[in-house]
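Novice: predicted coordinates and the sequence they were generated for:
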Amino acid sequence: MTAAEIAAAHKWDIFVYWSYAAAVLLLGGYAFYLIRLMRQLKKDTP
Amino acid sequence: MQSKAKSFFDASWITPALGFSSLLIVVATFVFTFTAQPDVEQGFLTRILPIHVPASWLAYLAFGMTAVYGLAYLITRRNHFDRLSASSAEIGVVFIMLSLFTGALWGRPTWGTYWQWDARMTTTLLMFMVYVGMLMVRGIIDDPARRARVSAVIGVVASVGVPINYMSVYWWNTLHQTPSLSIPEKNSALSNPGILIAFLLSLLGFTILYLYLLRLRGQIALRVSDLESEEIEMQLGTMKVAQ
């Protein structure tokens, strides 16, 4: 198997990292947004 | 006995404990996923499974709970259930977005396309649009009681989409495959033990994360609702003074 053939076989493997990055960004981002909102509300309301 | 139960569910340590444990389990999922051996047919792409499938299942759970809380609101008229129903719908939208995105990424190398108007994908997109619509409707109705009633009805009716979406791969012969793991059918396409452990861990981690987000979102909704009530009372007070 040549290097080019190996590279072609793994061409789409980058999508695995994109999927995990999306999970971290979406779920983590949403959780972070909620935590910040909660802190803001706690500060603004007695 | 009742006061003990109430103090347990209202305890302030539960929310951070849920958040921390979900974080730990999700990290463990990542470790198992990225140390698992590649699949014979799909190679490393099978590592998308521990994110894609639990995200879809959590969207089902969140939308199912939206309907349960919506129905509870319609029966009892307690605002608590309305807040939980709306919070669950919002969390479901986040999970279904993740499911759609990771599904498209998985589809390109395995099916040769990011998107196809097949039964599973189309019904998933429809569910996403319906619940985004529900949240938008909540945003345009000012009267809290009417907003809660309309939202609960939408939440209950829209939950029909969950079984339709799940059964779509059986009812229509389209591109999306049948479930990778089905306990009633005693069928598992997860022959890779590393991926199977990562999948089960991810399912547990996402479920705890859902509970964490639901508690947090519910607490925020309670504070916003208190602020809203104060605002209405102030407006009524101003009207009385003016009269």
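Specialist: Sure, I can see it.
Novice: and B:H176, what helix or strand is that in?
Specialist: Using DSSP states H and E, B:H176 maps to neither a helix nor a strand.
Novice: quick one, what contacts it?
Specialist: Going by Cβ atoms under 8 Å, 6 or more residues apart in numbering or on different chains, B:H176 touches B:D118, B:A119, B:R120, B:M121, B:S168, B:V169. Heads up, the C-betas are built off the backbone N, CA and C, glycines and all.
Novice: just the helices in chain A please.
Specialist: Counting by DSSP state H, one finds helices in chain A at the ranges A:3-9, A:14-23, A:29-44.
Novice: tell me the mean pLDDT for the first one?
Specialist: Mean pLDDT, taken over the full extent of helix A:3-9, equals 70.
Novice: how about stretch A:30-46?
Specialist: The average pLDDT within stretch A:30-46 is 89.
Novice: stretch B:45-57 too?
Specialist: Rounded mean pLDDT across stretch B:45-57 is 92.
Novice: please identify the most buried of the helices of chain A.
Specialist: Of those, the one with the most neighbours on average (mean count of other Cβ atoms under 10 Å in any protein chain shown) is helix A:14-23, at a mean of 18.
Novice: need the contact partners of stretch B:50-60.
Specialist: In contact with stretch B:50-60 (Cβ under 8 Å, 6+ apart) are residues A:19-20, A:22-23, B:29, B:32-33, B:91-92, B:95-96, B:98-99, B:102-103, B:106, B:124, B:127, B:162, B:165-166, B:180-181, B:195, B:198-199, B:201-203, B:205-207, B:209-210.
Novice: chain center to that stretch: distance?
Specialist: Distance of stretch B:50-60 from the chain centroid (Cα atoms, centre = their mean, to the nearest Å) equals 9 Å.
Novice: so which bits of it are buried?
Specialist: B:P50, B:I51, B:H52, B:V53, B:P54, B:A55, B:S56, B:W57, B:L58, B:A59, B:Y60 (16 or more other Cβ atoms under 10 Å in any protein chain shown).
Novice: can you get me a residue count around B:G139?
Specialist: 9 (other Cβ atoms under 10 Å in any protein chain shown).
Novice: the helix or strand harbouring it vs chain A: in contact?
Specialist: Counting by DSSP H and E, the element that carries B:G139 is helix B:119-140. No: Helix B:119-140 lies out of reach of chain A by Cβ under 8 Å from any Cβ of the partner chain, never closer than 13.1 Å.
Novice: can you name the next helix or strand after that helix?
Specialist: helix B:144-158.
Novice: and the contacts of that next one?
Specialist: Applying Cβ under 8 Å, 6+ apart, the contact partners of helix B:144-158 are B:63, B:66-67, B:69-71, B:73-74, B:79, B:81-82, B:85-86, B:89, B:127, B:130-131, B:133-134, B:137-138, B:141, B:225, B:228.
Novice: B:F32: what's its closest spatial neighbour, skipping adjacent residues?
Specialist: Setting aside the residues directly before and after it, B:F32 is nearest to B:A198 in space (Cβ to Cβ, 6 or more residues apart in numbering or on different chains), at 3.9 Å.
Novice: what's the end-to-end length of stretch B:37-57?
Specialist: 24 Å (Cα to Cα, to the nearest Å).
Novice: cool, stretch B:111-120 as well?
Specialist: Distance between the two ends of stretch B:111-120: 14 Å, counting by Cα to Cα.
Novice: sorry, back to before: mind giving me JSON lines with the helices of chain A and columns for distance to chain B?
Specialist: What follows is these, written out as JSON lines (distance: least, Cβ to the nearest Cβ, whole Å):
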{"stretch": "helix A:3-9", "distance to chain B": "7"}
{"stretch": "helix A:14-23", "distance to chain B": "4"}
{"stretch": "helix A:29-44", "distance to chain B": "5"}
